[in-house]
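Enquirer: Got a sequence here, can you build the structure:
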Amino acid sequence: MGTRVLKLKEKETISRKEEKKEIEEIKVKKKKEKEIKVERPVVRLIDTDIDGTLPIRRAIWKIKGVSFSYGNAVCKVFKEVTGIDREFLIGNLNDEQIQILEDIIRNPQKYNIPSWLYNRRKDIYDGKDYHIVGDDVKIKMQFDIKREIELGTYRGWRHKLGQPVRGQRTRSHFRRGQTVGVIRSKEARAQQSKK
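Expert: Below you'll find the predicted structure:
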């Protein structure tokens, strides 16, 4: 009975080794299938380098100012204009199609994308709805912060002092500067006051 059990265990180890080899072969096959042929490995779109192996819907999220919902709206309009699905790889688009995609992202009013998806609605200066992308987002934000500071608003003061602007508590976080630690004992306080 003991030899029978040993033979069964040997068969199990052999079959496990064979299974591992088969799994490794399957993984190698999947890797070969995954090696996607793309015309352009990197696509330049609105001052952003984008990996060409990404589908259009995921690739445009890499652009500053394009969120999930706005990206979906852009993909929908892009499909209506060109007939290309949002799962199509961005590296396989030609120059003309990339320019159409960039135009849709930059000028959503022209393609009837609803204004509630824009990231700059009812602008302070002229009251119009805009969608800004790329480096313009950073520049506009800096101008807004500078304006708040010049006006002397509460938000401006918080920006100026480097404190949280949106009402967060500061007891446990946002601790920067000279006083970092908490001294508990009277002796330690006395030593610090002598220094």
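Enquirer: So which residues of the protein form helices?
Expert: Assigned by DSSP state H, the helices in the chain fall at 2-34, 56-59, 68-82, 95-106, 135-151, 154-161, 186-194.
Enquirer: Export these as TSV, with columns for mean pLDDT and distance to R176.
Expert: In short, each C-beta sits where N, CA and C put it, glycine included. Shown next, in TSV, are these (pLDDT from 0 to 100; distance: least, Cβ to Cβ, whole Å):
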stretch	mean pLDDT	distance to R176
helix 2-34	68	45
helix 56-59	91	36
helix 68-82	93	33
helix 95-106	92	37
helix 135-151	93	18
helix 154-161	93	11
helix 186-194	75	20
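Enquirer: Please identify the deepest-packed of those helices.
Expert: Among the helices of the chain, the stretch with the highest mean neighbour count (mean count of other Cβ atoms under 10 Å) is helix 56-59, at a mean of 20.
Enquirer: distance between that helix and the chain's centre?
Expert: 12 Å (Cα atoms, centre = their mean, to the nearest Å).
Enquirer: CA atoms only for that helix - export them in CSV, please.
Expert: This file holds the C-alpha atoms of helix 56-59, laid out as CSV (Å, rounded to 0.1, in the frame of the first residue of the first chain):
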residue,chain,number,x,y,z
ILE,A,56,-8.8,56.3,-28.1
ARG,A,57,-11.1,56.5,-25.0
ARG,A,58,-8.2,55.8,-22.6
ALA,A,59,-5.6,57.8,-24.5
